[in-house]
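# would you be able to build a 3D model of this:
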Amino acid sequence: MPNIKVFSGNSHPDLAVRIADRLGIELGKVTSKKFSNQETSVEIGESVRGEDVYIVQSGCGEVNDNLMELLIMINACKIASAARVTAVLPCYPYARQDKKDKSRAPISAKLVANMLSVAGADHIITMDLHASQIQGFFDIPVDNLYAEPAVLKWIRENIIEWKNCTIVSPDAGGAKRVTSIADRLGVEFALIHKERKKANEVSSMVLVGDVKDRIAILVDDMADTCGTICHAAEKLQEAGATKVYAICTHGIFSGPASNRINESLFEAVVVTNTIPQEEKMKKSPKIRCVDVSMMLAEAIRRTHNGESVSYLFSNVPM
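Purely as a prediction, here's the structure:
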């Protein structure tokens, strides 16, 4: 593929390598270091003049440092005369701060969108945004890919009795996501209504739907401390579910998440590699990882060639 360069930030180099391998190109040379006062310094190690540049950086780990590194890399490529710079954000940082839900609350997802645009990004590729309206925070094109095709493939290949399952949303906000998956599998869906006392702490849960004598598959966009999904798994078992699985696109797994998963009722907690999972999989044998690098690589290839990416909304590239 001529006139294309893929660079990787420090947040998830393994995913960037997989994407470059899939595209059949070498990762671009970039040197990133920190000065003694913790300022980030980035040096692009090859010419990008007139090139179509893609920078892979996920919103995980040291989120603020990785975001700043991405902004500097975008700006470095832009002022080095790159024809177009695309930020590939498998997991969008600050996505949960997408609305003004209380007095004096910031809308940080919009702030990140502004920063990316001002740095010089011409296009954004991301996956399973926490709220799809985040696309509207940008004045540049945003391709929001879905992990759904990869999730469906995993369910069909790994859950033998998948035809006798119920897809469950752990909150009302994910109802659209689970109905789409349930429709494509031809199975029932249910949802759990939850009330929060404060962030990361749920006070009560009510199951709406039937899971008795069925396999329950909880589907969400991200799992952070895992308090909600572990609490939901107990609720589903009480309601008569025979087995409980969880499938989340972004496995953040911060704080006590690994211990909670180990002690939980889940058969497996399935996540994608939008965030690095090697260390977390060592801590918990229940965590399984689905590779989505081929979807991101195909989105890059199609964008570079001016093709439609809508094929990826319902298919996993071979």
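
# and stretch 41-53, what's buried?
Using 16 or more other CB atoms under 10 Å as the test for burial, stretch 41-53 gives Val42, Ile44, Val48, Glu51, Asp52, Val53. Using the backbone N, CA and C atoms, a C-beta is placed for each residue, glycine as well.

# report the backbone C-alpha coordinates of it in PDB.
C-alpha atoms of stretch 41-53 as PDB (Å, rounded to 0.1, in the frame of the first residue of the first chain):
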ATOM      1  CA  SER A  41       9.000  14.300  23.900                       C
ATOM      2  CA  VAL A  42       8.200  12.600  20.600                       C
ATOM      3  CA  GLU A  43      10.400  12.400  17.500                       C
ATOM      4  CA  ILE A  44       9.000  10.900  14.300                       C
ATOM      5  CA  GLY A  45      11.900   8.900  12.800                       C
ATOM      6  CA  GLU A  46      11.000   9.000   9.100                       C
ATOM      7  CA  SER A  47       9.500  11.300   6.500                       C
ATOM      8  CA  VAL A  48       5.700  11.700   6.400                       C
ATOM      9  CA  ARG A  49       5.500  14.400   3.700                       C
ATOM     10  CA  GLY A  50       2.400  13.800   1.600                       C
ATOM     11  CA  GLU A  51       1.700  10.500   3.400                       C
ATOM     12  CA  ASP A  52      -1.600   9.200   4.800                       C
ATOM     13  CA  VAL A  53      -0.700   8.800   8.500                       C
END
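
# wait, Gly120 sits on Ala76?
No. Checked against CB atoms under 8 Å, the pair Gly120 and Ala76 is beyond contact range at 9.1 Å.

# the two - which one has more neighbours?
With neighbours defined as other CB atoms under 10 Å, Gly120 and Ala76 compare such that Ala76 has more, 21 against 18.

# quick one on the thing from earlier: in CSV, list the buried residues of stretch 41-53 along with distance to Gly61 and pLDDT.
As requested, the buried residues of stretch 41-53 are exported to CSV (distance: CB to CB, whole Å; pLDDT from 0 to 100):
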residue, distance to Gly61, pLDDT
Val42, 17, 96
Ile44, 22, 97
Val48, 25, 97
Glu51, 27, 97
Asp52, 27, 97
Val53, 23, 98
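
# ranges for the strands of the stretch 1-150 of the chain?
4-8, 30-34, 40-44, 52-56, 84-89, 123-127, 142-145 (DSSP state E, counting those that start in this stretch).

# same question but for the stretch 151-300 of the chain, I mixed them up
Under DSSP E, counting those that start in this stretch, the stretch 151-300 of the chain gives strands at 165-169, 188-198, 201-208, 215-223, 243-251, 268-272, 287-290.

# these: lowest mean pLDDT?
Lowest mean pLDDT of these: strand 201-208, a mean of 77.

# picking up where we left off before, nearest to Met68, of the strands of the stretch 1-150 of the chain?
Among the strands of the stretch 1-150 of the chain, strand 40-44 comes nearest to Met68, with 5.4 Å by CB to CB.

# ok, and the helix or strand in this structure with the lowest average confidence?
Here the helix or strand of the chain ranked lowest by mean pLDDT, DSSP states H and E is strand 201-208, holding a mean of 77.

# if we can go back for a sec, now the buried residues of stretch 41-53 in TSV, with distance to Thr249?
TSV is the format used below for these (distance: CB to CB, whole Å):
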residue	distance to Thr249
Val42	28
Ile44	30
Val48	31
Glu51	30
Asp52	27
Val53	26
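
# which one of the residues you listed is nearest Ser103?
Distances from Ser103 to those, taken by CB to CB, are shortest for Val42, at 38.0 Å.

# was I right to think the closest one contacts Ile72?
Yes. The criterion here is CB under 8 Å, and Val42 meets it with Ile72 at 4.7 Å.

# overlap in contacts, these two.
Common contact partners of Val42 and Ile72 (CB atoms under 8 Å, 6 or more residues apart in numbering): none.

# list the contacts for Cys248?
Val219, Asp220, Asp221, Met222, Ala223, Ile229, Val269, Val270, Val271.

# if we use 6 Å, what do you get?
Residues near Cys248 by CB atoms under 6 Å, 6 or more residues apart in numbering: Asp220, Met222, Ala223, Val271.

# try Gly61
Ser11.

# stretch 304-317: end-to-end distance?
16 Å (CA to CA, to the nearest Å).

# for it, the averaged confidence score.
pLDDT averaged over stretch 304-317 gives 94.

# run through who's touching that stretch.
So stretch 304-317 is contacted by 4, 52, 143, 145-146, 149-150, 153, 294-295, 298-299, 302 (CB under 6 Å, 6+ apart).
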